[in-house]
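Participant: Sharing a model that was predicted from the sequence below.
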Amino acid sequence: MTDQVDTGAEPMDSNQRMANRASLAQRFAKIVCFSGEFVCKVRDVSDAGVGLTFYHDAPSEPRVILELANGLTYPIERVWQGKKRSGYRFASPIDTQEFIAEDGPFSAREIRLRIQSDVRIANVKSTILAKLCDLSCNGAKIESDAELPKQCLMRFEFGMAEPQLGQICWRDGNQYGVQFQHPLTIEELSERAVELQPFHQPKPTRMAGALRGARVA
(Lines give C-alpha, C1' and ligand atoms only; values in the text may rest on other atoms or scores of the structure.)
Protein backbone atom coordinates (compact mmCIF):
# COMPACT_ATOMS: atom_id res chain seq x y z
CA MET A 1 0.00 0.00 0.00
CA THR A 2 1.41 3.42 -0.94
CA ASP A 3 1.15 6.69 0.97
CA GLN A 4 0.62 10.01 -0.79
CA VAL A 5 3.50 12.28 0.06
CA ASP A 6 5.02 15.51 -1.22
CA THR A 7 8.76 15.29 -1.84
CA GLY A 8 8.94 18.77 -3.32
CA ALA A 9 11.75 20.03 -1.09
CA GLU A 10 13.91 20.17 -4.20
CA PRO A 11 13.28 22.93 -6.79
CA MET A 12 10.24 22.04 -8.92
CA ASP A 13 7.60 24.09 -10.70
CA SER A 14 4.08 24.49 -9.29
CA ASN A 15 2.54 21.86 -11.54
CA GLN A 16 5.05 19.27 -10.34
CA ARG A 17 4.48 20.22 -6.70
CA MET A 18 0.74 19.67 -7.13
CA ALA A 19 1.15 16.26 -8.72
CA ASN A 20 0.29 13.36 -6.45
CA ARG A 21 3.42 11.47 -5.52
CA ALA A 22 3.39 7.86 -4.37
CA SER A 23 6.27 6.77 -2.16
CA LEU A 24 7.79 3.41 -3.07
CA ALA A 25 9.75 1.77 -0.26
CA GLN A 26 12.59 -0.57 -1.27
CA ARG A 27 11.77 -0.51 -4.99
CA PHE A 28 15.00 -1.08 -6.86
CA ALA A 29 15.60 -0.39 -10.54
CA LYS A 30 18.53 0.61 -12.74
CA ILE A 31 19.46 3.48 -14.98
CA VAL A 32 21.16 3.00 -18.33
CA CYS A 33 23.39 5.82 -19.58
CA PHE A 34 26.52 6.38 -21.65
CA SER A 35 28.69 5.48 -18.65
CA GLY A 36 27.01 2.12 -18.09
CA GLU A 37 24.24 0.64 -15.94
CA PHE A 38 23.78 1.52 -12.28
CA VAL A 39 21.47 0.44 -9.46
CA CYS A 40 19.04 3.01 -8.10
CA LYS A 41 16.17 3.05 -5.64
CA VAL A 42 12.85 4.53 -6.76
CA ARG A 43 11.89 6.85 -3.91
CA ASP A 44 8.64 8.27 -5.32
CA VAL A 45 6.77 8.64 -8.59
CA SER A 46 4.05 10.83 -10.05
CA ASP A 47 2.67 11.64 -13.48
CA ALA A 48 5.29 14.40 -13.67
CA GLY A 49 8.43 12.52 -12.72
CA VAL A 50 10.35 10.20 -10.45
CA GLY A 51 12.79 10.61 -7.56
CA LEU A 52 15.81 8.27 -7.42
CA THR A 53 18.49 7.61 -4.84
CA PHE A 54 21.87 5.93 -5.32
CA TYR A 55 24.48 4.23 -3.14
CA HIS A 56 27.12 6.39 -4.80
CA ASP A 57 27.31 9.79 -6.47
CA ALA A 58 24.42 10.29 -8.85
CA PRO A 59 25.50 10.00 -12.50
CA SER A 60 25.90 13.46 -14.00
CA GLU A 61 24.32 12.68 -17.38
CA PRO A 62 21.05 14.64 -17.73
CA ARG A 63 19.20 12.15 -19.96
CA VAL A 64 19.11 8.47 -19.05
CA ILE A 65 16.88 5.40 -19.33
CA LEU A 66 15.12 4.09 -16.22
CA GLU A 67 14.58 0.32 -16.41
CA LEU A 68 12.37 -1.37 -13.84
CA ALA A 69 12.84 -4.92 -12.62
CA ASN A 70 10.00 -6.04 -14.92
CA GLY A 71 11.96 -4.90 -17.98
CA LEU A 72 9.86 -1.81 -18.83
CA THR A 73 11.94 1.22 -19.75
CA TYR A 74 11.27 4.96 -19.41
CA PRO A 75 13.38 7.76 -20.95
CA ILE A 76 13.82 10.41 -18.23
CA GLU A 77 15.52 13.81 -17.95
CA ARG A 78 17.10 15.22 -14.77
CA VAL A 79 15.54 18.36 -13.26
CA TRP A 80 17.56 18.52 -10.05
CA GLN A 81 20.54 16.68 -8.57
CA GLY A 82 21.98 16.12 -5.11
CA LYS A 83 24.98 14.06 -4.10
CA LYS A 84 23.18 10.71 -4.02
CA ARG A 85 19.69 11.79 -5.07
CA SER A 86 18.22 13.10 -8.29
CA GLY A 87 14.80 14.05 -9.58
CA TYR A 88 13.76 13.37 -13.17
CA ARG A 89 10.82 14.16 -15.44
CA PHE A 90 9.44 11.56 -17.83
CA ALA A 91 10.07 12.20 -21.51
CA SER A 92 6.40 11.41 -22.25
CA PRO A 93 3.25 10.73 -20.18
CA ILE A 94 3.16 7.45 -18.27
CA ASP A 95 0.57 5.27 -16.59
CA THR A 96 1.47 5.82 -12.92
CA GLN A 97 -0.56 2.87 -11.67
CA GLU A 98 1.16 0.58 -14.16
CA PHE A 99 4.52 1.92 -12.96
CA ILE A 100 3.62 1.29 -9.30
CA ALA A 101 2.14 -2.18 -9.92
CA GLU A 102 5.28 -3.14 -11.88
CA ASP A 103 3.48 -5.88 -13.77
CA GLY A 104 5.27 -7.22 -16.80
CA PRO A 105 6.99 -10.21 -18.40
CA PHE A 106 9.77 -10.18 -15.78
CA SER A 107 7.87 -9.02 -12.68
CA ALA A 108 9.93 -11.17 -10.30
CA ARG A 109 13.34 -10.66 -11.93
CA GLU A 110 16.21 -9.31 -9.88
CA ILE A 111 18.22 -6.30 -10.99
CA ARG A 112 20.84 -7.41 -13.50
CA LEU A 113 23.48 -5.01 -14.81
CA ARG A 114 24.96 -5.49 -18.28
CA ILE A 115 28.64 -4.90 -17.55
CA GLN A 116 31.53 -5.77 -19.83
CA SER A 117 34.72 -6.52 -17.95
CA ASP A 118 37.46 -9.10 -17.57
CA VAL A 119 36.95 -11.83 -14.99
CA ARG A 120 39.49 -14.33 -13.67
CA ILE A 121 38.21 -17.80 -12.82
CA ALA A 122 40.37 -19.96 -10.58
CA ASN A 123 40.06 -23.53 -9.34
CA VAL A 124 42.58 -25.96 -7.86
CA LYS A 125 44.05 -26.73 -11.29
CA SER A 126 44.24 -23.48 -13.26
CA THR A 127 43.25 -19.85 -13.73
CA ILE A 128 41.17 -18.81 -16.75
CA LEU A 129 40.56 -15.33 -18.15
CA ALA A 130 36.96 -14.80 -19.26
CA LYS A 131 34.55 -11.96 -20.03
CA LEU A 132 31.85 -10.68 -17.71
CA CYS A 133 28.54 -10.05 -19.54
CA ASP A 134 26.20 -9.15 -16.71
CA LEU A 135 26.13 -9.10 -12.94
CA SER A 136 23.44 -9.40 -10.27
CA CYS A 137 23.39 -9.95 -6.53
CA ASN A 138 23.03 -13.72 -6.93
CA GLY A 139 25.31 -14.38 -9.86
CA ALA A 140 26.70 -13.43 -13.24
CA LYS A 141 26.77 -14.35 -16.90
CA ILE A 142 30.22 -14.85 -18.40
CA GLU A 143 31.72 -15.80 -21.76
CA SER A 144 34.61 -18.21 -22.08
CA ASP A 145 35.97 -20.47 -24.81
CA ALA A 146 37.27 -22.77 -22.10
CA GLU A 147 35.27 -25.78 -20.87
CA LEU A 148 34.00 -24.84 -17.41
CA PRO A 149 32.69 -27.68 -15.24
CA LYS A 150 29.25 -27.46 -13.65
CA GLN A 151 28.68 -27.75 -9.91
CA CYS A 152 32.36 -27.19 -9.16
CA LEU A 153 33.17 -24.46 -6.64
CA MET A 154 35.44 -21.84 -8.25
CA ARG A 155 36.71 -18.37 -7.44
CA PHE A 156 35.59 -15.47 -9.63
CA GLU A 157 37.58 -12.23 -9.55
CA PHE A 158 36.47 -9.00 -11.25
CA GLY A 159 37.89 -5.59 -10.49
CA MET A 160 39.61 -4.97 -7.17
CA ALA A 161 36.79 -6.34 -5.02
CA GLU A 162 37.00 -9.49 -2.93
CA PRO A 163 36.70 -12.66 -5.05
CA GLN A 164 33.31 -14.37 -5.20
CA LEU A 165 32.97 -18.13 -4.78
CA GLY A 166 30.43 -19.69 -7.08
CA GLN A 167 29.38 -22.53 -9.36
CA ILE A 168 28.43 -22.85 -13.00
CA CYS A 169 24.69 -23.56 -13.11
CA TRP A 170 23.99 -23.45 -16.88
CA ARG A 171 25.74 -23.26 -20.24
CA ASP A 172 24.65 -21.99 -23.67
CA GLY A 173 27.46 -22.20 -26.21
CA ASN A 174 30.35 -20.18 -24.81
CA GLN A 175 28.14 -18.42 -22.26
CA TYR A 176 27.85 -19.62 -18.68
CA GLY A 177 25.60 -18.78 -15.77
CA VAL A 178 27.31 -18.39 -12.40
CA GLN A 179 25.56 -18.69 -9.05
CA PHE A 180 27.41 -17.09 -6.15
CA GLN A 181 27.81 -19.08 -2.95
CA HIS A 182 27.25 -15.89 -0.93
CA PRO A 183 25.08 -13.31 -2.75
CA LEU A 184 26.12 -9.68 -2.97
CA THR A 185 24.08 -7.07 -1.15
CA ILE A 186 22.43 -4.44 -3.35
CA GLU A 187 24.98 -1.95 -1.99
CA GLU A 188 27.88 -4.24 -2.95
CA LEU A 189 26.41 -4.63 -6.43
CA SER A 190 26.28 -0.84 -6.71
CA GLU A 191 29.92 -0.57 -5.65
CA ARG A 192 30.98 -3.16 -8.26
CA ALA A 193 29.10 -1.24 -10.96
CA VAL A 194 30.90 2.03 -10.19
CA GLU A 195 34.29 0.32 -10.03
CA LEU A 196 33.84 -1.54 -13.32
CA GLN A 197 32.09 1.33 -15.15
CA PRO A 198 33.77 4.63 -14.20
CA PHE A 199 31.59 7.64 -14.92
CA HIS A 200 34.36 9.25 -16.99
CA GLN A 201 34.49 6.37 -19.50
CA PRO A 202 31.27 6.66 -21.55
CA LYS A 203 30.13 3.84 -23.82
CA PRO A 204 27.98 5.45 -26.57
CA THR A 205 26.97 2.15 -28.16
CA ARG A 206 25.36 1.00 -24.91
CA MET A 207 23.15 4.09 -24.64
CA ALA A 208 22.29 4.04 -28.33
CA GLY A 209 21.04 0.47 -27.99
CA ALA A 210 19.05 1.32 -24.88
CA LEU A 211 17.40 4.26 -26.62
CA ARG A 212 16.40 2.08 -29.56
CA GLY A 213 14.82 -0.44 -27.22
CA ALA A 214 13.28 2.00 -24.76
CA ARG A 215 9.56 1.69 -24.18
CA VAL A 216 7.54 4.71 -25.27
CA ALA A 217 5.65 5.39 -22.05
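Facilitator: It's in.

Participant: residue ranges with poor pLDDT in the protein?
Facilitator: The chain contains residues with pLDDT under 70 at 1-25, 104-108, 124, 200-217.

Participant: Outline the domain layout of the protein.
Facilitator: Under the assignment automatic domain parsing, the domains of the chain span 4-109+205-213, 112-184.

Participant: mind listing what the most centrally placed residue in the chain touches?
Facilitator: In the chain, the centroid-proximal residue (CA atoms, centre = their mean) is Lys30; its distance is 3.2 Å. By CB atoms under 8 Å, 6 or more residues apart in numbering, the contact list for Lys30 reads 37-40, 66-67, 111, 113. Yep, even glycine has a C-beta here, placed from its N, CA and C like the rest.

Participant: Please identify the helix or strand for it.
Facilitator: Assigned by DSSP states H and E, Lys30 falls within strand 21-33.

Participant: Okay, now the sheet partners of whatever helix or strand comes next after that strand, with direction.
Facilitator: Sequence-wise, the next helix or strand beyond strand 21-33 is strand 36-45, with elements assigned using DSSP H and E. Under the criterion DSSP bridges, strand 36-45 sits next to strand 21-33 (antiparallel), strand 49-53 (antiparallel) in its sheet.

Participant: hey, which of the ones you listed is tucked in deepest?
Facilitator: Mean neighbours per residue, mean count of other CB atoms under 10 Å, is largest over these for strand 49-53, with a mean of 21.

Participant: Tell me the helix or strand right after it.
Facilitator: Past strand 49-53, the next helix or strand by DSSP H and E is strand 63-68.

Participant: Just the buried residues of that following strand, please?
Facilitator: 64-68 (16 or more other CB atoms under 10 Å).

Participant: Relative to its centre, which residue of this protein is most distant?
Facilitator: In the chain, counting by CA atoms, centre = their mean, Lys125 sits farthest out from the average C-alpha position, at 34.3 Å.

Participant: residues touching it, list them.
Facilitator: Contacts here follow CB under 8 Å, 6+ apart; on that basis Lys125 touches nothing.

Participant: Surely it is in a helix?
Facilitator: No. If the criterion is DSSP: H, G, I helix; E, B strand; the rest coil, then Lys125 is coil and not within a helix.

Participant: quick one: it and Ala146, what's the gap?
Facilitator: 11 Å (CB to CB, to the nearest Å).

Participant: Hmm, Ala122 is touching Cys152, no?
Facilitator: No. Counting by CB atoms under 8 Å, Ala122 sits too far from Cys152 to count as a contact (11.5 Å).

Participant: Checking my notes, Trp170 in a helix, right?
Facilitator: No. Counting by three-state DSSP, Trp170 falls outside a helix, being strand.

Participant: show me the contacts for the nearest residue to it once chain neighbours are set aside.
Facilitator: Closest residue to Trp170 apart from its sequence neighbours, by CB to CB, 6 or more residues apart in numbering: Gly177 at 4.1 Å. Counting by CB under 8 Å, 6+ apart, Gly177 touches 139-141, 168-171.

Participant: Could you dump the residues you listed into a markdown table with distance to Asp103 and neighbour count added?
Facilitator: Shown next, in a markdown table, are these (distance: CB to CB, whole Å; neighbours: other CB atoms under 10 Å):
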| residue | distance to Asp103 | neighbour count |
| --- | --- | --- |
| Gly139 | 25 | 23 |
| Ala140 | 27 | 25 |
| Lys141 | 25 | 19 |
| Ile168 | 32 | 20 |
| Cys169 | 28 | 12 |
| Trp170 | 27 | 11 |
| Arg171 | 32 | 14 |
